[in-house]
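# quick one: sequence plus predicted model below, questions after.
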Amino acid sequence: MSEIITAPSIAPHAEPLGVYVHVPFCASTCDFCAFYQTAPTADGVQRFLKGISDEAALIEWRRPVATVFWGGGTPGLLAPDHIRRLGDIVGARLGGAPVEWTVEMAPASVTAARLDALKEIGVTRISMGAQSFQPALLEGLGRQHTREQIFRAYERIRAADFASVNIDMMFALPGQDEAAWLADLGEALALAPDHLSTYCLTFEEDTKLWVKLSKGQVKLDTEHEARLYETTWAQLEASGYAQYEVSNFARPGHACLHNLNTWRMHEWIGLGPSAASQHAGWRGGNVADLDQWLAGVARGERRTEDRVALTPSLLAEDALIFGVRMNDGVDLAALKRRFPDAPWGKVRDEMVRLVEAGLAEQGSDSLRLTPRGRLLVDSVGTNLMDAFSDEVAA
């Protein structure tokens, strides 16, 4: 569907607007990664940049953008001139300087020239995927960097003086015991980043790790994972990092605003193959194929898949499910003001059950999970989703 472009509005808006750009290029596929990616070629990068420009022109930009996030793939794999060009394309649509602009980088792609280009276009936040500092574990994940490259990359990023720096780490890796994870966490803390994301390894379908799991070459151990979660939370709290979401920790003033706005079910525009959008009353994802995405954009179409209307019930459901993942929990009064027509009956019953089970604490108009509830957050989310489904069916 084509959309008409208008000049960005400078009028204030109650809800922040985000932009996500999916840069699909990756030199190799990590064993755990299920995101759409393709090998970079000179022609492919040029076509991608033109496609982003053409897709952006199909969108009605009605207000300024608050946050920008480039993910992938490996956005930091782009050459400095390509970074500047993509920055110019995106920057022309923002309606001013965003509050936060994040770019994901892999240690092996961090160079002074790329960092200079990112600073020039207005990037404020770098998120570097380290995953582990141990060579054997990196090899087991299919990562293409070394521990030495992590240290060099971090030093360069700090020297470039970005406002905020995040390091991504992973735990419960095959062959990683608690001592090995604590050693990795200690090395990350020694670098003193502003933000740490610590993700428990998940086995996504159509990944190399999923194949290994299906063949019995690796195994799941939920009790081990739970211990690592608790150890991580305690260690990071003692080190001065506040947990604000199940997997995310920050020093004061460094929480990722783009992710917070997304989890709170505000609007964002997705650009690029496989990028998701939640904007102008609809949610959907671009086709996960560079050539098909380009062909659609060339016809003046945004080929969004799984396109659904954003009903009050859907937004309230997702805001609640993602909201309980955050340590502050959910302000139910605010949620009901935003979505007064959402079905709340059965949901209230599920909230009572969560409190009785010791998984949540409920105030007069709030709901937050207990530490035990955060360990079981996925099943909590499923039960809340079922409660919405039951209410809609009724």
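Great, that's in hand. The model shown is predicted, which means the values in this text are computed figures rather than measured ones.

# may I ask which helix or strand encompasses Ala226?
helix 222-238 (DSSP states H and E).

# buried ones in that helix, by neighbour count?
His224, Leu228, Tyr229, Thr232, Trp233, Gln235, Leu236 (16 or more other C-beta atoms under 10 Å). All C-beta spots, glycine's among them, are computed from the backbone N, C-alpha and C.

# what about Thr304, neighbour count?
19 (other C-beta atoms under 10 Å).

# in contact with the nearest residue to it once chain neighbours are set aside, which residues?
Among residues not flanking Thr304 along the chain, Gly284 sits closest, at 3.2 Å (C-beta to C-beta, 6 or more residues apart in numbering). Gly284 is in contact with Ala276, Ser277, Thr304, Glu305, Asp306, Arg307, Val308, counting by C-beta atoms under 8 Å, 6 or more residues apart in numbering.

# distance of Gly284 from Tyr20?
As judged by C-beta to C-beta, to the nearest Å, Gly284 and Tyr20 stand 13 Å apart.

# mutual contacts of the two, please.
With C-beta under 8 Å, 6+ apart, Gly284 and Tyr20 have common neighbours Ala276, Ser277.

# all strands of the stretch 151-300 of the chain, in order?
Assigned by DSSP state E, counting those that start in this stretch, the stretch 151-300 of the chain shows strands spanning 164-171, 195-200, 242-245, 248-250, 267-271, 276-279, 282-286.

# minimum distance to Asp88: which of those has it?
strand 267-271 (13.7 Å; C-beta to C-beta).

# outline the domain layout of this structure.
17-261, 312-393 (automatic domain parsing).

# in JSON lines: those domains, plus distance to Asp291 and mean pLDDT.
Formatted as JSON lines, the domains of the chain follow (distance: least, C-beta to C-beta, whole Å; pLDDT from 0 to 100):
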{"stretch": "domain 17-261", "distance to Asp291": "9", "mean pLDDT": "89"}
{"stretch": "domain 312-393", "distance to Asp291": "31", "mean pLDDT": "89"}
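
# mind putting those domains in CSV, distance to Gly270 included?
CSV is the format used below for the domains of the chain (distance: least, C-beta to C-beta, whole Å):
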stretch, distance to Gly270
domain 17-261, 5
domain 312-393, 16
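
# Leu294 is nearest to which of these?
domain 17-261 (4.8 Å).

# next one: the closest one to chain centre, how far?
8 Å (C-alpha atoms, centre = their mean, to the nearest Å).

# same deal with stretch 353-361?
The answer for stretch 353-361 is 28 Å, by C-alpha atoms, centre = their mean.

# quick check: end-to-end length of that stretch?
Start and end residues of stretch 353-361 are separated by 11 Å (C-alpha to C-alpha, to the nearest Å).

# over to stretch 122-140?
Using C-alpha to C-alpha, the two ends of stretch 122-140 sit 36 Å apart.

# so which bits of that stretch are buried?
123-134, 137-138, 140.

# quick one: the strands of the stretch 151-300 of the chain as JSON lines, columns for distance to Pro16 too.
Listed next are the strands of the stretch 151-300 of the chain as JSON lines, based on distance: least, C-beta to C-beta, whole Å:
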{"stretch": "strand 164-171", "distance to Pro16": "17"}
{"stretch": "strand 195-200", "distance to Pro16": "19"}
{"stretch": "strand 242-245", "distance to Pro16": "17"}
{"stretch": "strand 248-250", "distance to Pro16": "18"}
{"stretch": "strand 267-271", "distance to Pro16": "8"}
{"stretch": "strand 276-279", "distance to Pro16": "12"}
{"stretch": "strand 282-286", "distance to Pro16": "17"}
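
# nearest to Asp184, of these?
Closest among these, using C-beta to C-beta: strand 164-171, at 6.3 Å.

# got the contact list for the closest one?
Looking at what lies outside strand 164-171 - C-beta under 8 Å, 6+ apart - the contacts are 32, 100, 102, 124-132, 141, 154, 157-158, 181, 184-185, 188, 191, 193-201, 225, 228, 232, 254, 256.

# which residues touch the residue lying closest to Asp328 once chain neighbours are set aside?
Leaving aside its chain neighbours, Asp328 sits nearest to Arg368 (6.7 Å; criterion: C-beta to C-beta, 6+ apart). Arg368 makes contact with Val324, Asn327, Asp328, Gly329, Val330, Ala360, Glu361, according to C-beta under 8 Å, 6+ apart.

# what comes up buried for stretch 40-49?
Pro40, Gly44, Val45, Arg47, Phe48, Leu49.

# same question, stretch 139-150
So for stretch 139-150, counting by 16+ other C-beta under 10 Å, buried means Gly140, Leu141, Arg143, Gln144, His145, Arg147, Gln149, Ile150.

# measure that stretch end to end?
End-to-end distance for stretch 139-150, by C-alpha to C-alpha: 14 Å.

# repeat that for stretch 49-62.
23 Å.

# pull out the buried positions in that stretch.
Those would be Leu49, Gly51, Ile52, Ser53, Glu55, Ala56, Ala57, Leu58, Ile59, Trp61, Arg62, for stretch 49-62 by 16+ other C-beta under 10 Å.

# export those residues to TSV and tack on distance to Gln292 and secondary structure?
Conversion of these to TSV gives the following (distance: C-beta to C-beta, whole Å; DSSP: H, G, I helix; E, B strand; the rest coil):
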residue	distance to Gln292	secondary structure
Leu49	17	helix
Gly51	11	helix
Ile52	15	helix
Ser53	18	helix
Glu55	13	helix
Ala56	18	helix
Ala57	19	coil
Leu58	16	coil
Ile59	19	coil
Trp61	24	coil
Arg62	28	coil
